[in-house]
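Student: Okay, here's the prediction I keep looking at, along with the sequence it came from:
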Amino acid sequence: MSSKPSKPSEAVSILSPTPIDVQSFDVVSNRHDLRRDLHRYVQYVDGRNIKRSYRTNELPAADIKRLGQLLNIDPAEEAAAAFRYGAEASTWIDYVDGLALMMGFVSYDTKGSYRGYSSSEPSFPDNFVVFNREAYRKFLALPLAEQERKLFDTLVRGYSSSYNEFYQYSILGRLDRFPMWGSAVGVMPTLNFAGIRRFLFDLLQSCEAGVWYSTASLIAFLKAQHPYFLIPADPKIPRSGRFEGRYGNFFEDQYAKEPIPNHVKDGFERVEGRYVERFLEGIPLTLGYVEVAYQETPRAFPMKGRLAAFRLHERFLQAMRGDIPQPRVVVQPNFEIFVESAFYPAYVVERLSHLAEVVKEDTATLVLKLQKQKVAAQAAANDAFDVIDLLKTLTGSHVPQNVAIELQEWVGQADVFTLYAGVGLLESADPISGIKPYIIEQISERLSLIRQPQKARAQLQSSGKVVMYVRHADDGLKPLPLKAHTLFPKSVPAKTPKAKPPKQPVAVKREILVALYFPSDDLFEKFRKGLLDAHCAVEANKEKRMLTVAGRDEAHIKQVIKDLSDEYAIRLEDSP
């Protein structure tokens with residue numbers, strides 16, 4: 001994914017940031033798999049009629065709940081993000097939903113319409129999510145490296161001057177944002193954020209995977225070698241009053257009193273440095289390219305120096321070089337299919353999902369098991385379907401012999417016999433003449449598939465044959481009379497149920513017992529003595545330190561707890 005730096009053009013120097021110990025820091029990684037969740041979202045939308053909300057254009061609550069289960073969303077994690085940033089914070093489902101739209105896999109109205117003169121917000125009547133099947137299929141057909149490039153390019157290009165790391169909260173990060181006051185004028189609209197991001201991604205490729213690096217050393221390197229990677233030295237912007245100069249759009253005050261001075265000594269750290277921190281917890285963290293580590297810092301607005309370290313994953317370097325290996329697929333003799341891939345193998349999973357069920361899944365490995373019903377259903381739906389050939393194509397090798405034999409039997413069980421509208425099935429104990437023009441196919445000596453069954457029936461009756469005409473239902477064959485000589489099911493008279501003997505009344509007495517388990521022998525003995533002194537029947541098990549008391553004596557238990565309160569703070573807990 002090589003790219004050019006932002007203007008003014010400058011060669012990317014070799015970056016050598018300082019390694020750092022992160023034991024005292026709070027490490028954050030992306031526990032989600034964006035690629036997997038994107039495909040699961042698309043598969044969920046396919047075949048569903050999802051109508052977005054009228055006012056906010058959000059997914060319906062029922063779909064959000066089902067998607068949360070499908071994407072393994074932790075409700076506590078989502079609630080924490082919403083609490084931290086309020087309504088402006090996106091959830092992971094929102095992010096995946098928006099990415100599917102940006103990728104062209106789905107479409108829906110995002111602009112809305114204003115309903116009446118008094119409407120101050122757009123509405124979204126009849127706004128349904130439409131699945132773009134052809135675009136999705138084209139994406140799946142690409143090699144993994146090309147899929148990753150398309151996903152990467154979509155995210156890098158997809159955020160403009162009004163939606164960038166300065167102003168938007170990271171979906172997974174912890175840093176706050178700059179105030180947006182005046183962002184429509186000044187230097188901000190002139191910045192090429194796609195080029196800026198590509199420049200930083202190119203720069204990071206000189207780092208070693210698996211090593212924690214100091215963010216401050218990265219910022220110091222940029223200040224020394226590429227001070228204008230973000231904002232030109234002399235930006236050409238229209239005069240706009242207070243938003244002039246390089247830092248005219250950046251405020252360290254929530255009420256936007258004065259911007260950061262253009263020529264202050266630490267201006268780079270206060271603007272470009274803050275951007276680098278927010279960049280690292282943005283697209284790189286979301287794509288699983290990096291982990292980040294946070295430290296506590298003196299209170300500042302916006303936060304500064306909190307993202308103290310970062311560590312690259314090997315997958316980042318693979319993606320940037322475009323050398324992502326294709327998935328490795330192996331069919332085991334026990335009918336399990338192992339799929340190993342550094343990146344989520346959407347194409348392989350999509351093909352195998354019609355034949356198998358997922359039994360285990362982690363970051364790099366997927367285990368599925370072939371299912372008889374699924375294989376038979378695919379064979380029944382498509383006469384040209386060859387499950388063994390498909391598995392050979394995916395694995396690049398032969399399928400184990402026992403699996404191949406069993407699969408052939410499964411496919412054989414998928415054969416079906418279909419009667420079409422206007423066609424009849426003629427059954428006769430003896431050969432029948434005179435209706436040859438009506439016979440479509442002679443199935444056996446006793447069975448024939450015939451056209452125009454009503455006319456064939458009249459022809460048989462005119463020749464003196466006794467004809468039983470049965471019209472079967474669409475969902476199955478109608479049972480024939482019990483005395484009929486036929487190959488097909490017969491109607492069986494319902495059996496008269498035998499009279500049941502009268503029920504014998506029985507009274508079973510029950511007694512609820514309370515079992516108490518004690519952590520020490522001393523407390524066990526004191527509690528037992530207290531119950532005995534209260535003339536309470538107690539069953540004691542010294543080995544388990546357990547006392548068993550009738551439920552009706554629970555008041556005595558409470559009294560003993562009260563009597564021992566000077567020495568013990570006892571609370572009763574239900575056993576799990």
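Tutor: Nice, I can see it. Residues are numbered from 1 along each chain as shown.
Student: burial of residue 155, as a residue count?
Tutor: Per other CB atoms under 10 Å, the neighbour tally for residue 155 reads 20. Just so you know, the C-beta spots here come from the backbone N, C-alpha and C atoms, and that holds for glycine as well.
Student: list the helices and strands the helix or strand where it lies packs on?
Tutor: Element membership for residue 155 (DSSP states H and E) is helix 144-157. Applying 3 or more CB pairs under 8 Å, 6 or more residues apart in numbering; DSSP states H and E, one finds that helix 144-157 contacts helix 34-45, helix 92-103, helix 133-140, helix 193-204, helix 283-286, helix 314-321.
Student: Number of residues surrounding residue 177?
Tutor: Using other CB under 10 Å, residue 177 has 19 neighbouring residues.
Student: And for it, nearest residue in space, chain neighbours not counted?
Tutor: residue 167 (5.4 Å; CB to CB, 6 or more residues apart in numbering).
Student: where does that neighbour fall, phi/psi-wise?
Tutor: phi -110, psi -10 (degrees, to the nearest 10).
Student: Please tell me the pLDDT value assigned to it.
Tutor: In this model, residue 167 is scored at 91, pLDDT.
Student: same deal with residue 515?
Tutor: pLDDT, residue 515: 87.
Student: just checking, it is part of a strand?
Tutor: Yes. Residue 515 forms part of a strand when assessed by DSSP: H, G, I helix; E, B strand; the rest coil.
Student: pull the helix or strand with minimum mean pLDDT from this protein.
Tutor: helix 75-85 (a mean of 64; mean pLDDT, DSSP states H and E).
Student: returning to that earlier point: what is the neighbour count of the residue nearest to residue 177?
Tutor: Neighbours around residue 167, by other CB under 10 Å: 17.
Student: coming back round to it: can I get the helix holding residue 155 as CSV, trimmed to CA atoms?
Tutor: Only the C-alpha atoms of helix 144-157 are listed here, as CSV (Å, rounded to 0.1, in the frame of the first residue of the first chain):
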residue,chain,number,x,y,z
LEU,A,144,-7.0,-11.1,0.4
ALA,A,145,-4.3,-8.5,-0.3
GLU,A,146,-6.7,-6.6,-2.7
GLN,A,147,-9.5,-6.8,-0.2
GLU,A,148,-7.3,-5.3,2.5
ARG,A,149,-6.2,-2.6,0.1
LYS,A,150,-9.8,-1.6,-0.7
LEU,A,151,-10.8,-1.6,3.0
PHE,A,152,-7.7,0.5,3.9
ASP,A,153,-8.2,3.0,1.1
THR,A,154,-11.9,3.4,2.0
LEU,A,155,-11.0,4.3,5.6
VAL,A,156,-8.1,6.5,4.7
ARG,A,157,-10.1,8.5,2.1
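Student: what residues does that helix touch?
Tutor: Where contact means CB atoms under 8 Å, 6 or more residues apart in numbering, the residues beyond helix 144-157 that reach it are 1, 34-35, 38, 99, 102-103, 139-140, 142, 194, 197-198, 201, 283, 286-287, 319, 322-327, 341, 343, 345-346.
Student: at 6 Å instead, please
Tutor: With contacts defined as CB atoms under 6 Å, 6 or more residues apart in numbering, helix 144-157 is touched by 1, 102, 103, 194, 197, 283, 319, 322, 324, 343.
Student: what's the answer for stretch 258-265, then?
Tutor: For stretch 258-265, contacts defined as CB under 6 Å, 6+ apart pick out 245, 246, 247, 248, 250, 251, 267, 270.
Student: Going by neighbour count, which of those residues comes out on top?
Tutor: Neighbour max across the contacts of stretch 258-265 (other CB under 10 Å) = residue 250, 26 neighbours.
Student: Would you format the helices and strands packed on helix 144-157 as CSV with mean neighbour count and mean pLDDT included?
Tutor: Shown next, in CSV, are the helices and strands packed on helix 144-157 (neighbours: other CB atoms under 10 Å; pLDDT from 0 to 100):
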stretch, mean neighbour count, mean pLDDT
helix 34-45, 20, 94
helix 92-103, 19, 93
helix 133-140, 14, 94
helix 193-204, 21, 95
helix 283-286, 22, 96
helix 314-321, 18, 94
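Student: And for the residue nearest to residue 551 when sequence neighbours are not counted, the neighbour number?
Tutor: Spatial nearest neighbour of residue 551, chain neighbours left out: residue 512 (3.5 Å); criterion: CB to CB, 6+ apart. As a burial measure, residue 512 scores 8 neighbours (other CB under 10 Å).
Student: One more: residue 328?
Tutor: 14.
Student: what bridges to it?
Tutor: Beta-bridge pairing for residue 328 (DSSP bridges): residue 340.
Student: Please apply the same query to residue 448.
Tutor: Beta-bridge partners of residue 448, as defined by DSSP bridges: residue 426, residue 442.
Student: So it versus residue 460, what's the distance?
Tutor: Distance, residue 448 to residue 460, by CB to CB, to the nearest Å: 12 Å.
Student: Test my guess that residue 104 contacts residue 135.
Tutor: Yes. Counting by CB atoms under 6 Å, residue 104 touches residue 135, with 4.6 Å between them.
Student: Can you tell me which of the helices and strands packed on helix 144-157 is nearest to residue 57?
Tutor: With CB to CB, the closest approach to residue 57 among the helices and strands packed on helix 144-157 belongs to helix 92-103: 10.3 Å.
Student: For the most centrally placed residue in the chain, which residues are in contact?
Tutor: Taking CA atoms, centre = their mean, the centroid of the chain lies closest to residue 71, which sits 2.5 Å from it. For residue 71, the contact set (CB under 6 Å, 6+ apart) comprises residue 37.
Student: and it, backbone torsions?
Tutor: phi -100, psi 10.
Student: Let me know the pLDDT of it.
Tutor: The model reports residue 71 with a pLDDT of 89.
Student: sorry, back to before: ok and the helix holding residue 155 relative to helix 133-140, angle-wise?
Tutor: With axes from the mean of the first three to the mean of the last three CA atoms, to 10 degrees applied, the angle from helix 144-157 to helix 133-140 works out at 120 degrees.
Student: Buried residues, helix 144-157. List them.
Tutor: Neighbour-count burial for helix 144-157, counted by 16 or more other CB atoms under 10 Å, picks out 144, 145, 147, 148, 149, 151, 152, 155, 156.
Student: just the contacts of stretch 258-265 now: which is nearest residue 502?
Tutor: Closest to residue 502, out of all of those and judged by CB to CB, is residue 251, at 88.1 Å.
Student: Closest one to residue 121 out of the buried residues of helix 144-157, please.
Tutor: Using CB to CB, residue 155 comes nearest to residue 121 of the buried residues of helix 144-157, at 27.9 Å.
Student: how close does the closest one get to residue 171?
Tutor: Taking CB to CB, one finds residue 155 at 11 Å from residue 171.
Student: Which residue is the nearest non-sequential neighbour of residue 248?
Tutor: Using CB to CB, 6+ apart and skipping residues adjacent in sequence, the residue nearest residue 248 is residue 186, 4.7 Å away.
Student: any idea how far that neighbour lies from residue 169?
Tutor: Distance from residue 186 to residue 169, by CB to CB: 22 Å.
Student: Tell me which of those two has more neighbours.
Tutor: residue 186 (24 against 21).
Student: Could you confirm the more buried one falls within a helix?
Tutor: No. Checked against three-state DSSP, residue 186 lies outside a helix; its state is coil.
Student: Below-threshold pLDDT in the stretch 451-576 of the chain: ranges please.
Tutor: Counting by pLDDT under 70, the ranges of the stretch 451-576 of the chain that qualify are 473-477, 482-483, 487-499, 575-576.
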